[in-house]
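> I'd like to go over a predicted model; first the sequence, then the structure.
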Amino acid sequence: MTCWSVLQLDDDADERSIKRSYARLLRVHRPDDDPEGFQRLREAYEHALSVARWQAELERDLEDQKVEVVGRIDDLQWTSAERQHEPLDDTTAVAERVHPVEPAPFKAPQVSPAELTARGLLDGLSAENLPQRWEQAQAQDCAEAFERLLLQLCFDHPSLLVSIAGWAAQQLEWLTPWQNLVMSDWQQEMLASSLLRDYRQTLHGFLAAKQEREFINQLKDYSDQPWLKVFDQRQQWQQIILDVLHDTEWSLPLFDRVSQLFGWDDNKGIHPQPEATWQALIERCNQEAFYQNLVTKAESDRLFAADVQAAHLLMNPMWPEQQKRMIDGFGINEWQACQDLAQTLKWRYPELQSRTPYADVFFWRRFLPRPIAAETWIRVWAGIALALWLFYVPINQYSVGFSIALPMLMACVPVWFGRFALSWWVLISAHFIVQDLWFTERIIPKRWNPNTHWLLLRHGLPQAALLLVFGLLLGWLGVGTYIGVILLGLYHKRRIGRLDQDFRARHPWLTALHWAHFSPLQVLFLLVMVGVFLACQIHYPGFPLTRLLPSPG
């Protein structure tokens with residue numbers, strides 16, 4: 001089957017006949033109803049156009065060659081005639097030179113009455129009176145000439161191009177296969193690009209001004225134009241709409257209405273290109289849907305649900321005292337809901353953080369309960385046992401086993417007392433945590449204490465109590481050793497090794513003092529300080545740094 005049989009034309013059809021036949025058959029083979037037939041018709045149309053244009057160009061070349069050959073023959077004949085008809089005497093030649101023959105007067109090309117009438121209708125033409133002038137041209141039988149002059153006026157006066165082309169695209173079916181006026185490819189491309197650029201600016205302005213209803217109405221008017229229903233131009237038009245949506249802000253209902261207008265469906269894979277831009281818009285839709293759901297929860301009174309309470313906490317501005325009163329009733333589910341919501345806002349939809357009342361969506365972590373792990377008490381016990389052993393070194397008169405076991409047993413007493421006292425301190429400090437947060441944030445720089453993990457009163461006082469214990473046992477050397485070990489653990493993140501997490505979870509007591517938990521600098525510093533203290537206790541029993549307070553003597 002050839003392209004001519006598909007188009008129902010002879011193989012010598014011209015470009016205008018091809019376009020008319022394509023427009024007629026396009027009503028039968030619509031892309032939505034018969035995609036295969038439309039594809040076959042489109043391929044035949046493009047192939048036939050290329051053949052017709054090639055034949056037209058070939059005929060023009062042959063005509064130019066024929067004119068050139070005829071011109072050369074006429075020149076030769078004229079030269080021969082001049083030589084055969086030379087003047088008989090000098091008198092005739094002189095007379096012709098004195099009284100030369102005047103050339104025939106120039107005759108202007110003939111202009112048809114219809115074109116003269118159409119030119120008169122173009123005087124004072126504007127976008128407002130264009131429909132009226134077209135009706136007059138039809139009534140005076142000069143519609144064809146008027147339409148041709150309209151096309152010329154578009155390029156002679158670019159300021160009128162958009163208004164004329166926009167009206168003609170709707171009323172005269174310009175830029176469609178069934179237009180009456182013959183245009184070059186360059187003219188069609190120029191008109192189409194100018195109109196699309198103007199349409200895009202108009203729609204972009206509506207969205208920038210948050211006028212979504214006007215945007216939808218104008219989009220429908222544009223999309224209903226005949227030239228934007230042609231397959232290729234419709235695809236380009238949808239790509240432009242995709243770019244406009246990508247560059248502006250809009251609501252989720254607007255995107256749904258645009259998708260319905262063009263038949264976009266992500267589940268069926270029906271959407272314009274490029275794919276990356278479409279997926280970015282889908283992600284924005286998911287983001288808007290998530291935000292709307294979050295706002296609904298924040299306004300809900302179903303405070304018994306954990307996710308609703310998390311939305312209330314993160315979306316409603318509150319004073320710290322109000323936040324604390326709300327958080328006092330939180331359990332494991334509520335804290336987990338806050339964690340899930342904050343992670344979603346932070347990592348999946350970071351653009352939404354600017355629409356929440358808090359710059360840090362993890363602000364609620366400041367109020368988190370801070371239970372003391374069993375591993376911490378084991379390390380405190382080991383530290384106190386080591387301090388007791390160093391304290392009793394000069395006066396130790398017992399066996400090696402007993403001298404090691406005695407400090408280990410004695411260290412259990414302050415550890416038990418510390419756990420009992422700290423359990424009450426946690427409850428007491430929770431009542432003034434708001435003041436503690438305010439005080440901590442103004443005393444400790446943010447870079448040293450991100451997320452306000454350490455509180456000055458709640459954690460500072462227990463640490464001060466430990467410092468006092470080590471100071472009473474080992475003096476200023478003990479205080480310096482404790483502070484040095486803590487600071488090295490905080491600022492030197494490298495650890496000696498890695499501990500299996502499953503084993504650590506099953507046996508916390510056995511792994512609390514595992515060497516993998518410590519920085520190599522911590523171990524080295526501790527060994528050096530133990531050596532220094534042993535040297536002071538054995539060789540210099542009265543060394544002042546081994547005492548917190550000076551001796552009475």
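Now that the structure is in, tell me what you want to look at. Numbering: from 1, shown residues only.
> can you list the domains in the chain?
With automatic domain parsing as the criterion, the domains of the chain are listed as 3-76, 144-269, 288-367, 374-546.
> need those domains in a markdown table with mean pLDDT and mean neighbour count, can you?
C-beta here means a position set from N, CA and C on the backbone, and glycine is covered the same way. Formatted as a markdown table, the entries for these read as follows, by pLDDT from 0 to 100; neighbours: other CB atoms under 10 Å:
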| stretch | mean pLDDT | mean neighbour count |
| --- | --- | --- |
| domain 3-76 | 72 | 14 |
| domain 144-269 | 90 | 16 |
| domain 288-367 | 88 | 16 |
| domain 374-546 | 81 | 15 |
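> the strands in the stretch 151-300 of the chain, which residues?
With DSSP state E, counting those that start in this stretch as the definition, the stretch 151-300 of the chain shows no strands.
> that older thread, can I get the domains of the chain in CSV with distance to Leu125?
As requested, these are exported to CSV (distance: least, CB to CB, whole Å):
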stretch, distance to Leu125
domain 3-76, 26
domain 144-269, 7
domain 288-367, 46
domain 374-546, 69
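> mind listing the helices for the stretch 201-350 of the chain?
When secondary structure is read from DSSP state H, counting those that start in this stretch, the stretch 201-350 of the chain shows helices at 212-223, 231-247, 252-262, 275-298, 306-315, 320-327, 332-343.
> about what we covered before: of all the domains of the chain, which one is nearest Arg133?
In terms of CB to CB, the element of those nearest to Arg133 is domain 144-269, at 7.5 Å.
> kindly check the end-to-end length of that closest one for me.
Across domain 144-269, the terminal residues are separated by 45 Å (CA to CA, to the nearest Å).
> let me see the contact set for the residue most central in space within the chain.
Most central in the chain under CA atoms, centre = their mean is Ala280, positioned 6.2 Å from the mean C-alpha point. When contacts are counted by CB atoms under 8 Å, 6 or more residues apart in numbering, Ala280 touches His246.
> against Leu352, how distant is it?
Ala280 sits 15 Å away from Leu352 when distances are taken as CB to CB, to the nearest Å.
> who's in contact with Ile443?
Leu456.
> how much space separates Leu149 from Ala114?
In terms of CB to CB, Leu149 sits 11 Å off from Ala114.
> about what we covered before: with distance to Leu49 added, can I get the helices of the stretch 201-350 of the chain in JSON lines?
Compiled in JSON lines, the helices of the stretch 201-350 of the chain are given as follows (distance: least, CB to CB, whole Å):
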{"stretch": "helix 212-223", "distance to Leu49": "26"}
{"stretch": "helix 231-247", "distance to Leu49": "13"}
{"stretch": "helix 252-262", "distance to Leu49": "28"}
{"stretch": "helix 275-298", "distance to Leu49": "30"}
{"stretch": "helix 306-315", "distance to Leu49": "60"}
{"stretch": "helix 320-327", "distance to Leu49": "71"}
{"stretch": "helix 332-343", "distance to Leu49": "58"}
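> for the ones you listed, which one sits closest to His47?
It's helix 231-247; of those, that one is closest to His47 (CB to CB) at 15.3 Å.
> which strands and helices sit next to the closest one?
Secondary-structure packing of helix 231-247 (3 or more CB pairs under 8 Å, 6 or more residues apart in numbering; DSSP states H and E): helix 185-208, helix 212-223, helix 252-262, helix 275-298.
> residues in contact with that helix: which ones?
The set of residues that contact helix 231-247 without belonging to it, under CB under 8 Å, 6+ apart, is 31, 38, 42, 175, 192, 196, 199-200, 203-204, 207, 219, 222-223, 227-228, 255, 258, 262, 272-274, 277-278, 280-281.
> go again using 6 Å as the cut-off
Taking CB atoms under 6 Å, 6 or more residues apart in numbering as the criterion, the residues outside helix 231-247 that touch it are 31, 196, 200, 203-204, 227-228, 262, 272, 277, 281.
> chain center to that helix: distance?
Helix 231-247 has its C-alpha centroid displaced from the chain centroid by 18 Å (CA atoms, centre = their mean, to the nearest Å).
> kindly report the same for stretch 223-231.
30 Å.
> before we move on, back to that, Gln136: which of the domains of the chain is closest?
Within the domains of the chain, the stretch nearest Gln136 is domain 144-269; the backing value is 8.6 Å (CB to CB).
> CA-only coordinates of stretch 474-491 in CSV, if you can.
Listed next in CSV are the C-alpha coordinates belonging to stretch 474-491 (Å, rounded to 0.1, in the frame of the first residue of the first chain):
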residue,chain,number,x,y,z
LEU,A,474,42.5,11.0,93.7
GLY,A,475,42.7,14.8,94.1
TRP,A,476,43.2,17.2,91.1
LEU,A,477,44.9,14.4,89.1
GLY,A,478,41.7,12.4,89.4
VAL,A,479,39.6,15.4,88.3
GLY,A,480,41.9,16.1,85.3
THR,A,481,41.9,12.4,84.3
TYR,A,482,38.1,12.2,84.4
ILE,A,483,37.6,15.4,82.3
GLY,A,484,40.3,14.3,79.8
VAL,A,485,38.8,10.9,79.2
ILE,A,486,35.3,12.4,78.7
LEU,A,487,36.6,15.1,76.3
LEU,A,488,38.7,12.7,74.2
GLY,A,489,35.7,10.4,73.9
LEU,A,490,33.5,13.2,72.7
TYR,A,491,35.8,14.8,70.2
